[in-house]
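Chemist: Below is the structure, and that's it, no one-letter string:
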C-alpha cells in the first residue's frame, strides 16, 4: 500500500531474519526506504511521523519463526520492525484523526509510517503529559499493570505482594499500585541501581538483587516470612519455582511474562507445581489485548495520581532511530533502567 | 484416649515408617491391638466398627516425612493408618450420633476405631445406597469431582473437556458430570479395560491409553483438533506439559492431583507454562476440604441421577483388612479399576 504525494526518504530498522537464542543488534538492519506522506484519495489510512518507539519484552517472541498459531505475529524478514509507539499524524483519510493529532499504538520502526488500520491506535487527549509516557505509564505497559493487578491478582489491602523484574516498564507500576492499596510490596531486579530505585523512588517496602542470591527460596523466605499472597510474574524459570514454595494458601500468580525464558532454546523446567494443589493457588496468564476496552477507565483513574506525584515513572531513553536495535537488546541483558524508549523525533 | 468397657482385640494396619520412592506393602504392618467398645462417661467421642476403608492417592503424601507445613498430616509411624471410611456406631457420647448409626468420614485402618472428634464425620441418611459409595461417589471423591468441576472449571455447554486418570474415583465422575452438561469429553487411562469402561460404561466421547502413545501431544491433537477448554488434572508430569500445548484460549486447568509425581524423589519439570500467557489460561489447584459445606447440596443434586442410572460408579473392592496395604499400593501401580475400596466387614 503506497500513499499519495511525493516520495521522501524514510530511515527504517528492518528485521533481518528469524532469531534463535539471544537476539543481537545485527538481527535488525538500519536502512533507508521511501514513503509518500499523503494517503491516497478515498483511503481510511493515515501517515504518521514517529516520535517515540517502545521496546517491549514480548517483541522477542515476534522474532521467532512462526510455529503454528501464536498470540503475536512474527516480524516479517525484510520488513521494518513494528511495535508500539507515539506518532504525529501528517495526513489522514480516517474521520477520527486529522493532521497534527498525536496518537499512540501500533506503528513501524522508521521515521514515517503508513498506518492502514487506524482503529488500532488511540488519539492522545492529554498532551500535557510527557508524550513518551504513552509508550509506558499511559500506554500498553500501564494498562498491562492495571489490568494484571486489579483484574487478575484480586488484591486486598494488607496482602503480601512480590514482583519480579520490578523496575521494568510494568513492574514499577504494579508495585506502586499495590502500595496505593495498602499492600506489603517486595520487588526483585538485577542491579544495585534498580534496587535503590525500587526502595527509594517507587516506595517498595523491600527489594533484592536476584543475581546476588545463592538461593532464591531462602531470599523469599527472608522477605516473606509469612509467605506471598500475590506474585506478579514477569520472569519465569527458577524464580517462579522458588515463589511456588513460598506462596500462601489461596495465593494468586498473575503471569504477565517470562523474560528469563525467551532466549532459551528450551525453557527451564518448573518442578514445584504441586504447590498449586496444597496451597490452592490460582495461576493465571493474561494479555493486555484482552483489556483494551478498559483503557479509558484506566487513564481516568491514573491521571490524577500522576499529577499529584503519587505515581512516578522511570524511563530509559535512547536517542536516534539508528540506536533502536541496541535499545531493544538492552531489555534482554537487563541494562535498561525502567521503561526502554527510543526517541526518534521530538515533534 | 481409651474407651470404657471390656477390652477386645482389634486387628490393625500400622504405618511402619516414612516412605521415600515407591511405597510397598511392607510399609504397612498387620498387627493386633486392643480397644474398649464403650466410650468413657462424659466423653464426646464415639467407638465405631469399620465397614469400608477408602484408598486415596493423597494418602501417599501422608506417608512422606513431614517437611514443614503441609496440607495433610503425615501418618504417625507405629500408629494405624487413617483415612476415609464407612463405619457403624457402636457407642457414642456425642449427641448427634447414637448406637447403630452409619457414618462416613475419618477413621482408622482397623476393625474398631475410637473417633475422638465426631464433628469430622457425616451421618449417612440415605442407607438405601450401597454403603461403599460413601467412600467414593457419595463421599470425599464425589464432592471432589463436584466442586472441582462446577466450582473450579467454570464449565459451559459444548466445551471440550479432557480428564486424566479418568477411570479413577474422581475422574469417572467428572467425565459423567461433563457429559450431563453437554460437553465433549475425552479421558486417558492406563489399560484397555479402563478405556473400554470410559467409552462404554461412563459415556465418554473418546478415551485413550496413555501408555500406548509415543507422543502425548500428538494423541491430544488427534482427540482435540480444536484444542481443550477444560483439563481436569489428576496426574501431572508429561501429560500436563502436553496438555498445555493443546489448551484453547481462556482455557481452565483444575489441578486435583498429580499422581504420576508422588513416588518420585524429584518431580518432573514442566516446560510449557508460557502457554498460560499466550492462551490466557487459568490453572487452579483445589482441595476438597475447602468445599465440605457444599456436601448437602451435592448429595441432594446427585442422588436422583444415581437412582435414574444417569450416573454410575465403578468400584474395585478388595476384601479383608489384611489386604488393605496391597489395595493402597494398587493405586500407584494403576491396577485398580475404579474406586479402590477395602471391605472390612459387611455390617
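Modeler: Perfect, I can see it now. In this text, all values refer to a predicted model and were calculated from it rather than measured experimentally.
Chemist: Show me which helix runs longest in chain A.
Modeler: What stands out as the longest helix in chain A, according to DSSP state H, is helix A:295-307.
Chemist: what is the mean pLDDT for it?
Modeler: Averaging pLDDT along helix A:295-307 yields 97.
Chemist: Does anything pack onto it? Which helices or strands?
Modeler: helix A:140-146 (3 or more C-beta pairs under 8 Å, 6 or more residues apart in numbering or on different chains; DSSP states H and E). The C-beta positions use only the backbone N, C-alpha and C, and glycine is treated the same way.
Chemist: How about the helix it packs on and chain B, any contact?
Modeler: No: Helix A:140-146 stays clear of chain B (C-beta under 8 Å from any C-beta of the partner chain), getting no nearer than 11.3 Å.
Chemist: so after that helix, what's the next helix or strand?
Modeler: Elements were assigned by DSSP states H and E; along the chain past helix A:140-146, the next helix or strand is strand A:160-163.
Chemist: Pairing partners for that following strand, with directions?
Modeler: Using DSSP bridges, strand A:160-163 pairs in its sheet with strand A:184-189 (parallel), strand A:228-233 (parallel).
Chemist: what's in contact with it?
Modeler: Here strand A:160-163 makes contact (C-beta atoms under 8 Å, 6 or more residues apart in numbering or on different chains) with A:153, A:155, A:171, A:174-175, A:178, A:183-188, A:220, A:223-224, A:226-232, A:234, A:243, A:248.
Chemist: measure the closest residue to chain B within the stretch 51-200 of chain A to residue B:57 for me?
Modeler: Across the stretch 51-200 of chain A, no residue is closer to chain B than residue A:71, which sits at 4.0 Å (C-beta to the nearest C-beta). From residue A:71 across to residue B:57, the span is 35 Å (C-beta to C-beta, to the nearest Å).
Chemist: what's the helix or strand hosting residue A:48 packed up against?
Modeler: Residue A:48 is part of strand A:46-54 when elements are defined by DSSP H and E. In terms of contacts (3+ C-beta pairs under 8 Å, 6+ apart), strand A:46-54 is packed against strand A:28-38, strand A:82-92, strand A:102-108, strand A:112-115, strand A:339-343.
Chemist: Could you list the contact residues of the stretch 1-150 of chain A toward chain B?
Modeler: Contact residues (C-beta under 8 Å from any C-beta) of the stretch 1-150 of chain A with chain B: A:70-71.
Chemist: Low-confidence stretches in the stretch 1-150 of chain A?
Modeler: In the predicted model of the stretch 1-150 of chain A, residues A:1-4 satisfy pLDDT under 70.
Chemist: again, only this time at 90
Modeler: A:1-6, A:67-72, A:117, A:119-120 (pLDDT under 90).
Chemist: Of all residues in chain A, which one is closest to chain B?
Modeler: residue A:269 (1.9 Å).
Chemist: could you measure that residue against residue A:255, distance?
Modeler: From residue A:269 to residue A:255 the distance is 16 Å (C-beta to C-beta).
Chemist: What spatial separation is found between residue A:43 and residue B:183?
Modeler: Distance from residue A:43 to residue B:183, counting by C-beta to C-beta: 46 Å.
Chemist: circling back: give the contact list for the residue nearest to the residue of chain A closest to chain B when sequence neighbours are not counted.
Modeler: Closest residue to residue A:269 in three dimensions, ignoring its sequence neighbours and counting by C-beta to C-beta, 6 or more residues apart in numbering or on different chains: residue B:269, at 1.9 Å. The contact partners of residue B:269, by C-beta under 8 Å, 6+ apart, come to A:268-271.
Chemist: Ok, residue A:117 next?
Modeler: Taking C-beta under 8 Å, 6+ apart as the criterion, residue A:117 is in contact with residue A:45.
Chemist: What residues are bridge-paired with residue A:104?
Modeler: When assigned by DSSP bridges, residue A:104 has beta-bridge partners residue A:86, residue A:122.
Chemist: Then residue A:8?
Modeler: On the basis of DSSP bridges, residue A:8 is bridged to residue A:35.
Chemist: Now do the residue nearest to residue A:7 when sequence neighbours are not counted: how many residues are near it, please.
Modeler: Using C-beta to C-beta, 6+ apart and skipping residues adjacent in sequence, the residue nearest residue A:7 is residue A:34, 4.5 Å away. Under the neighbour criterion other C-beta atoms under 10 Å in any protein chain shown, residue A:34 is assigned a count of 12.
Chemist: Residue A:34 contacts residue A:6, correct?
Modeler: No: judged on C-beta atoms under 8 Å, residue A:34 makes no contact with residue A:6 at a distance of 9.7 Å.
Chemist: So residue A:291 versus residue B:31, what's the distance?
Modeler: According to C-beta to C-beta, residue A:291 and residue B:31 sit 61 Å apart.
Chemist: okay, the two: which has more neighbours?
Modeler: Using other C-beta under 10 Å, the more surrounded residue of residue A:291 and residue B:31 is residue A:291, with 19 against 13.
Chemist: where's that one relative to residue B:99, distance?
Modeler: Per C-beta to C-beta, residue A:291 is found 61 Å from residue B:99.
Chemist: now swap in residue A:242 and tell me
Modeler: Using C-beta to C-beta, one gets 54 Å for the distance from residue A:242 to residue B:99.
Chemist: more neighbours, these two?
Modeler: Using other C-beta under 10 Å as the criterion, residue A:242 and residue B:99 rank with residue A:242 on top: 19 against 11.
Chemist: So that one lies in a helix, does it not?
Modeler: Yes: assessed by DSSP: H, G, I helix; E, B strand; the rest coil, residue A:242 belongs to a helix.
Chemist: Correct me if wrong: it contacts residue A:221.
Modeler: No: contact criterion C-beta under 8 Å: residue A:242 and residue A:221 do not qualify, at 9.2 Å.
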